[in-house]
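In: Sequence below, structure please.
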Amino acid sequence: MFVRPDGRPEAARPAPAHKLSDEERQRILQLCHEPRFADLPPAQIVPRLADEGEYVASESSFYRVLRSADQQHHRGRSKAPVASEPVLHVAHGPNQVWSWDVTYLPSRVRGLYFYLYAVLDIYSRKLVAWEVHERENGEEAALLIERACWREQRRNAPLVLHADNGAAQTSHTLKSKLEVLGIGSSHSRPGVSDDNAHIEAWFRTCKYAPSYPAKGFETIAQARAWTLQFVTWYNGTHLHSALAYVTPEQRHTGAANAVLARRRDVYAAAQQRHPLRWKRHVRPWLAPNEVWLNPPSKQDQRMAA
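Out: Just a heads-up that it's a prediction; the model follows:
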């Protein structure tokens, strides 16, 4: 029996009725190159043409034609914007990269806030230092970082401290203290909110805790007492999902290795007892060996491999 090859891929098909003609595509490029439109995006060009009584194509068609002509990214005489590279720091153990910030703690008085300073180790997710003050400034931040370094024995040891670009974070007082302590400083890109994601995630965990006073704190003493209670629970009891469900304290001290090894033994024994119940792989119970401040994209990782 003779079977003819599928000729559909090579078959001639009529052009779609709504397809732009070559003349229309040329007209779009011509309009976009006119001096009055050279610095404008199609979102601005299309309504201006409509005000002049002319319709050439839709806004999306303008973008499509510009992309096909490799003219979408930047046109005109103005300087093209340059995207800043994200800050890349990686921790392979505790006390290598810290992230810190300040957040508001509302009081019962409208417009009055207390300020929670927090320093987080991105590898272990442990809060290595915190304080609550009535103001936000570089002096309080410098003292907090200094106490954290003495407590964690990181004076003149390789350590990067990352922060955003707030007044306290970029103060000369803090910069001078970091130089004395031998700590490298790092800052988020201007206008990029997720360059300091680890500490921001911790603040969210803190403020969404069931015991968090939704109506505010009556006094700064109450704010400090509540924060102490929460940090004690978070560091020592909370099983962190990013750490294979061990506590930040266990990860920070290295005790997590034994905890995870015991879990693997329990699961291996359970699989031996009932092998038919384990159709897929056994849960590995492994925490990541490295933690990035800003994980590089998959493309960057492939290029570096």
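In: List phi and psi for V282.
Out: Main-chain dihedrals, V282, degrees, to the nearest 10: phi -80, psi 140.
In: Settle this for me: it is touching H274, isn't it.
Out: No: here V282 lies out of contact with H274, judged by C-beta atoms under 8 Å, at a distance of 11.8 Å. Just so you know, the C-beta spots here come from the backbone N, C-alpha and C atoms, and that holds for glycine as well.
In: Of the two, which one has the most company?
Out: Comparing V282 with H274 by other C-beta atoms under 10 Å, the one with more neighbours is V282, at 11 against 8.
In: list the contacts for that one?
Out: Neighbour list for V282: R264, Y267, A268, Q271 [criterion: C-beta atoms under 8 Å, 6 or more residues apart in numbering].
In: One more pass at 6 Å, please.
Out: V282 makes contacts with Y267, Q271, as judged by C-beta atoms under 6 Å, 6 or more residues apart in numbering.
In: Mind pulling up the pLDDT for it?
Out: The pLDDT attached to V282 in the predicted structure is 87.
In: again with the one 5 residues further on
Out: The score at A287 is 95. That number is its pLDDT.
In: tally of neighbours for the closest residue to it other than its chain neighbours?
Out: In space, A287 comes closest to A244 once its chain neighbours are excluded; the distance is 4.3 Å by C-beta to C-beta, 6 or more residues apart in numbering. Taking other C-beta under 10 Å as the neighbour definition, A244 ends up with a count of 18.
In: try the one 4 residues further on
Out: By the other C-beta under 10 Å criterion, the neighbourhood of P248 contains 28 residues.
In: Is it in contact with S124, as I believe?
Out: Yes: with the criterion set as C-beta atoms under 6 Å, P248 and S124 qualify as a contacting pair; they are 5.2 Å apart.
In: Mutual contacts of these two, please.
Out: Residues touching both P248 and S124 (C-beta under 6 Å, 6+ apart): there are none.
In: Quick one: residues contacting the residue nearest to A287.
Out: Neighbouring residues of A244 by C-beta under 6 Å, 6+ apart: L260, W285, A287.
In: Tabulate the residues you listed in CSV, adding columns for neighbour count.
Out: Converted to CSV, these look like this (neighbours: other C-beta atoms under 10 Å):
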residue, neighbour count
L260, 20
W285, 17
A287, 20
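In: so which of the residues you listed would you say is closest to F230?
Out: Distances from F230 to those, taken as C-beta to C-beta, are shortest for A287 (22.9 Å).
In: For E131, what are phi and psi?
Out: Taking degrees, to the nearest 10, you get phi -160, psi 150 for the backbone angles of E131.
In: mind listing the strands in the protein by residue range?
Out: 90-91, 97-106, 113-121, 127-133, 160-163, 184-187, 291-292 (DSSP state E).
In: Output the ones you listed as a markdown table; include the columns mean pLDDT and mean neighbour count.
Out: Listed next are the strands of the chain as a markdown table, based on pLDDT from 0 to 100; neighbours: other C-beta atoms under 10 Å:
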| stretch | mean pLDDT | mean neighbour count |
| --- | --- | --- |
| strand 90-91 | 94 | 18 |
| strand 97-106 | 96 | 22 |
| strand 113-121 | 97 | 22 |
| strand 127-133 | 98 | 21 |
| strand 160-163 | 93 | 22 |
| strand 184-187 | 88 | 15 |
| strand 291-292 | 93 | 19 |
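In: Look up phi and psi at the residue nearest to A287.
Out: Per-residue torsions, A244: phi 60, psi 30 (degrees, to the nearest 10).
In: Tell me where the protein is predicted with low confidence.
Out: Across the chain, the stretches falling below the confidence threshold (pLDDT under 70) are 1-3, 6-9, 11-12, 14-15, 74-78, 80-87, 156, 191, 193, 297-305.
In: Nearest the middle, which residue of it would you pick?
Out: Computing the C-alpha centroid of the chain and ranking residues by C-alpha atoms, centre = their mean puts D194 first, at 3.7 Å.
In: can you count the residues close to the residue nearest to it when sequence neighbours are not counted?
Out: Ranked by C-beta to C-beta, 6+ apart and with sequence neighbours excluded, the top spatial neighbour of D194 is E200, at 7.5 Å. Other residues within reach of E200, judged by other C-beta under 10 Å, total 17.
In: give the contact list for L181.
Out: So, once contact is read as C-beta under 6 Å, 6+ apart, L181 ends up touching C149, R155.
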